[in-house]
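Chemist: sequence first, then the predicted structure, then my questions.
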Amino acid sequence: MSVNSSAAVTIDVPRGLAGVVVTDTEVGDVRGLEGFYHYRQYSAVELAQTRGFEDVWYLLVHGELPDAAQRAAFTDETTALRSLPDEVRAALPAVAAASGGSGPLAGMRTALSLLGSAKGFRPLYDIDAGARRRDALVATAAVPTLLTALYRLERGLEPVEPRGDLPFAANYLYMLTGSEPDAARARAIERYLISTIDHGFNASTFTARVIASTGADVAACLVGAVGALSGPLHGGAPSRALDTLDAIGTPDRIDPWIRERVLAGDRIMGFGHAVYRTEDPRSRMLREVAQSFGGPRVEFAVGVERQVEAILAELKPGRELHTNVEFYAGVVMELCRLPREMFTPTFAAARVVGWSANILEQAEDRKIIRPVARYVGPGAPVAVPAAA
């Protein structure tokens with residue numbers, strides 16, 4: 001500890017706040033040493049294996065899984081929120097054109113702001129829990145519609161209006177492609193979406209909570225979270241992990257390609273995690289999803305995983321480096337015919353549920369998150385020189 005003249009006592013913490021507990025939460029947790037994570041009181045992987053997306057969304061909002069009547073009511077409520085306000089829909093072509101090909105995630109930052117204004121979102125500080133919940137559901141339900149519309153508009157295609165008779169994941173694929181997906185692909189994407197709803201205090205979730213702590217509206221919190229997710233070290237990795245498979249190309253190239261990069265100190269995208277010291281449970285589940293489809297691409301991915309882990313164990317003994325969620329997420333999304341430009345946006349379509357749950361929780365705490373930094377620049381004060 002040290003003394004700071006402006007804030008009395010300060011505490012030194014590790015870079016990146018690694019291992020620092022900043023608040024209490026009931027949303028979920030990641031137990032990295034065990035290779036386990038959960039939403040509320042349930043295993044996230046078990047939820048992905050046994051439940052639908054709407055059930056898990058309800059759990060994150062209400063703290064319990066729904067019964068049949070609650071599920072039906074919640075599904076009716078959220079499907080009615082999928083359509084966009086006229087003023088937002090009218091603005092999307094300009095938003096897509098202005099993105100300059102940078103992708104729908106960039107456009108969604110603007111679109112979310114427009115949505116918040118069109119829907120009259122007010123600061124979290126000024127509204128009650130019911131109004132906060134409403135705003136969170138409005139934004140979450142609209143995100144898949146915004147993302148798919150922006151993607152299609154960037155390619156000169158008309159947006160596809162949402163369908164109220166399709167579950168969340170199937171509707172997302174329908175709006176993206178214009179065709180109703182087969183059951184196997186819809187369920188594979190649903191399992192992926194459920195598995196990525198929340199994952200502790202990652203960078204985007206923390207960003208959302210910092211903004212929520214200021215009392216800003218839901219749209220502002222989500223815009224900040226999307227900005228954090230867009231970084232390649234956070235949500236931008238699934239397509240990069242797939243690029244690794246493409247760069248290796250054939251089984252005989254795995255060993256030399258990986259050895260060269262490990263010895264050069266390069267990061268192998270799709271391997272290693274900031275929290276897990278065992279196999280990433282999301283990767284294990286998504287490997288099973290990929291293997292249910294089968295085919296040469298999946299066999300090659302499994303072969304790369306095994307050989308990379310063996311080489312890393314040899315060259316970096318004592319370090320646990322396994323595939324993370326991005327490795328097989330890319331494979332699964334490719335198998336389900338999602339374009340690579342939509343990998344990270346698809347991640348966002350799921351994570352918005354976790355962001356919203358964290359925003360609602362943070363809004364109950366009226367204390368602003370306001371850390372300090374250690375100044376290491378030139379000594380102050382120095383006399384200001386006269387203007388030349």
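Modeler: All right, it came through fine. In this text the structure is predicted, and so the values were computed from the model without any measurement. Numbering: from 1, shown residues only.
Chemist: quick one, strands of the stretch 251-388 of the chain?
Modeler: Counting by DSSP state E, counting those that start in this stretch, the stretch 251-388 of the chain forms no strands at all.
Chemist: where does pLDDT dip in it?
Modeler: 270, 272-277, 320 (pLDDT under 70).
Chemist: mind listing what's buried in the helix or strand hosting N171?
Modeler: In the assignment (DSSP states H and E), N171 maps to helix 168-177. Across helix 168-177, burial judged by 16 or more other CB atoms under 10 Å covers 168-176. Quick note: C-beta positions are derived from backbone N, CA and C, even for glycine.
Chemist: looking at these, which one is closest to L114?
Modeler: Proximity of the buried residues of helix 168-177 to L114 (CB to CB) peaks at M175, which lies at 18.3 Å.
Chemist: gap between that closest one and P345?
Modeler: 12 Å (CB to CB, to the nearest Å).
Chemist: biggest helix in this structure by residues?
Modeler: helix 129-154 (DSSP state H).
Chemist: picking up where we left off before, buried set for the helix or strand that the helix holding N171 is followed by?
Modeler: Proceeding N to C from helix 168-177, the next assigned helix or strand is helix 183-195, under DSSP H and E. Within helix 183-195, the residues that qualify as buried are 185-195, counting by 16+ other CB under 10 Å.
Chemist: helices or strands next to helix 183-195 in the packing?
Modeler: Secondary-structure packing of helix 183-195 (3 or more CB pairs under 8 Å, 6 or more residues apart in numbering; DSSP states H and E): helix 44-50, helix 53-62, helix 168-177, helix 281-293, helix 325-335, helix 343-363.
Chemist: any idea of the pLDDT on A203?
Modeler: On the pLDDT scale, A203 is placed at 93.
Chemist: now it, nearest residue through space, not along the chain?
Modeler: A228 (4.7 Å; CB to CB, 6 or more residues apart in numbering).
Chemist: where does that neighbour land on pLDDT?
Modeler: Value listed for A228 in the pLDDT field: 94.
Chemist: could you do the one 5 residues further on as well?
Modeler: For L233, the model assigns a pLDDT of 76.
Chemist: rewinding a little: the helix holding N171 versus helix 53-62: what angle between them?
Modeler: 110 degrees (axes from the mean of the first three to the mean of the last three CA atoms, to 10 degrees).
Chemist: and the angle for helix 168-177 with helix 129-154?
Modeler: Put simply, helix 168-177 runs at 30 degrees to helix 129-154, going by the same axes, to 10 degrees.
Chemist: how many neighbours does the residue nearest to A203 have?
Modeler: For A228, the count of nearby residues is 19 (other CB atoms under 10 Å).
Chemist: distance of it from D255?
Modeler: 36 Å.
Chemist: at which residues are the strands of the stretch 1-150 of the chain located?
Modeler: 2-4, 8-10, 28-31, 36-39, 42-43.
Chemist: weakest of these in terms of mean pLDDT?
Modeler: Ranked by mean pLDDT, the strands of the stretch 1-150 of the chain end with strand 2-4 in last place, scoring a mean of 49.
Chemist: coming back round to it: can I get the buried residues of helix 168-177 in a markdown table with pLDDT?
Modeler: Formatted as a markdown table, the buried residues of helix 168-177 follow (pLDDT from 0 to 100):
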| residue | pLDDT |
| --- | --- |
| F168 | 98 |
| A169 | 98 |
| A170 | 98 |
| N171 | 98 |
| Y172 | 98 |
| L173 | 98 |
| Y174 | 98 |
| M175 | 98 |
| L176 | 97 |
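Chemist: what sits against the closest residue to M108 other than its chain neighbours?
Modeler: Leaving aside its sequence neighbours, M108 sits nearest to L146 (CB to CB, 6+ apart; 5.3 Å). Contacts for L146 (CB atoms under 8 Å, 6 or more residues apart in numbering) come out as 84, 88, 92, 104, 107-108, 111-112, 115.
Chemist: list just the nearest of these to A290.
Modeler: Of those, the one sitting nearest to A290 (CB to CB) turns out to be P104, at 24.5 Å.
Chemist: number of residues surrounding the closest one?
Modeler: P104, neighbours per other CB under 10 Å, totals 24.
Chemist: what of L47?
Modeler: Neighbour tally, L47, other CB under 10 Å: 22.
Chemist: same thing with the one 5 residues further on?
Modeler: In terms of burial, G52 registers 19 neighbours under the definition other CB under 10 Å.
Chemist: list the contacts for the nearest residue to it once chain neighbours are set aside?
Modeler: Excluding the flanking residues, the one nearest G52 by CB to CB, 6+ apart is P167, at 6.1 Å. Residues near P167 by CB under 8 Å, 6+ apart: 52-54, 75, 186, 190.
Chemist: farthest-separated two in those residues?
Modeler: Every pair of these checked by CB to CB; the farthest is T75 and A186, at 15.4 Å.
Chemist: how close does the residue lying closest to L114 once chain neighbours are set aside sit to G107?
Modeler: Using CB to CB, 6+ apart and skipping residues adjacent in sequence, the residue nearest L114 is V88, 5.0 Å away. V88 sits 12 Å away from G107 when distances are taken as CB to CB.
Chemist: next one: I11
Modeler: Counting by CB to CB - I11 and G107 are separated by 40 Å.
Chemist: of these two, who's got more company?
Modeler: The neighbour comparison of I11 against G107 (other CB under 10 Å) goes to G107, with 26 against 9.
Chemist: that one is in contact with S99, isn't it?
Modeler: Yes - counting by CB atoms under 8 Å, G107 does reach S99; the two are 4.6 Å apart.
Chemist: please enumerate the shared neighbours of the two.
Modeler: With CB under 8 Å, 6+ apart, G107 and S99 have common neighbours 150, 154.
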